[in-house]
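[1] Model the structure of this input:
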Amino acid sequence: MQKSLVEINVHDLRGWAKDKHKTVDDRPYGGGVGMVLMVEPISKALMDLKTPGFKTEKTILLTPRGKVFNQKRARQLAKLDHLILIAGHYEGYDERISKLVDQEISVGDYILTGGELPAMVVVDSIVRLIPGVLVKKEAIVNESFTQNLLEYPQYTRPEKFRSWRVPKILLSGNHKKITQWRENKALAKTKKVRPDIITLS
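    Modelled structure (predicted):
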C-alpha cells in the first residue's frame, strides 16, 4: 500500500544552465586543480524550487566544512515541510553559494567524489523519523544516539553459539530487570567506545 508520506525529487542542475553546453562548473579564479560549481545555476534552481506553499523550509549545502550531521539534526530536519539539499561535485563550489543556503552539513571528516551519497544518507536518516514511515514507531525510540547513548547489546537464537551464551537475564522474563540491564549496558558501551556523546542530566 502506498502511504505517500514523503515525496523525493532529484533535479539535474544543468536544467538551469544558460549556455548551449549546459555548463554548471568552471575553472577557479586564481588557478588550481579541478572545476568549481557556479553560483548562477544554483541560484536560479533555488528560485524555482523554493515555494511559499510550505510553512517550514530549509536549504542545505552538503560540504566537508559543514557542521557534522547527527541524530539530533536528523530529528530537527524531519519536522520540516520542505528540504532542499545541494549536492556538491568537482573540486568545490563558488563561495557565494553559501550565501544562498540556511545550513551547511557534513556527513563526516572525509572527502567523497560528490555530494550525492551524503544527500542519500541525510534523506534516509530523516525519512525514517517521519511518523508512519516505519511500521513500529518504537523502532526509533530505543536505538543508538536517541538518548545520547549507543543502543544496548541485542541477542537472538540460538541461545548458545560456540562458547558464547545469551545473557541469562534476557531469558528470565523479568522485564524490569531486563530494562535495567539494557540501560546499564548501553551506558557502559557508550562510555567505552563513544564517551563524547554522553550527556548526563
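[2] And the average pLDDT for stretch 93-110 is what?
    For stretch 93-110, mean pLDDT rounds to 96.
[3] Quick one: residues in contact with that stretch.
    36-39, 42-43, 46, 58-69, 73, 86, 117-118, 121-122 (CB atoms under 8 Å, 6 or more residues apart in numbering). Heads up, the C-betas are built off the backbone N, CA and C, glycines and all.
[4] Weed out the non-buried ones from those.
    Neighbour-count burial (16 or more other CB atoms under 10 Å) is assigned, among these, to 36-39, 42, 46, 58-64, 66, 69, 73, 86, 118, 121-122.
[5] Which ones among those residues lie within helices?
    In this view, those that belong to helices under DSSP state H are 39, 42, 46, 73, 118, 121-122.
[6] thought His82 was touching Thr51?
    Yes. Between His82 and Thr51 there is a contact under CB atoms under 8 Å: 7.0 Å.
[7] Between these two, which contacts overlap?
    Joint contacts of His82 and Thr51 (CB under 8 Å, 6+ apart) are Glu57.
[8] More neighbours: which of these two?
    His82 (15 against 9; other CB atoms under 10 Å).
[9] which parts of the longest helix seen in the chain are buried?
    Counting residues, the longest helix found in the chain (DSSP H) is helix 175-193. For helix 175-193, burial by neighbour count (16+ other CB under 10 Å) applies to 178, 181-182, 185-187, 189-190.
[10] can the residues you listed go into a markdown table with extra columns for distance to Leu170 and pLDDT?
    A markdown table is the format used below for these (distance: CB to CB, whole Å; pLDDT from 0 to 100):
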| residue | distance to Leu170 | pLDDT |
| --- | --- | --- |
| Ile178 | 6 | 97 |
| Trp181 | 8 | 97 |
| Arg182 | 9 | 95 |
| Lys185 | 10 | 96 |
| Ala186 | 14 | 92 |
| Leu187 | 17 | 93 |
| Lys189 | 15 | 94 |
| Thr190 | 19 | 93 |
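[11] Name the pair among those with the greatest separation in space.
    Longest distance between any two of those is 18.6 Å, between Ile178 and Thr190; criterion CB to CB.
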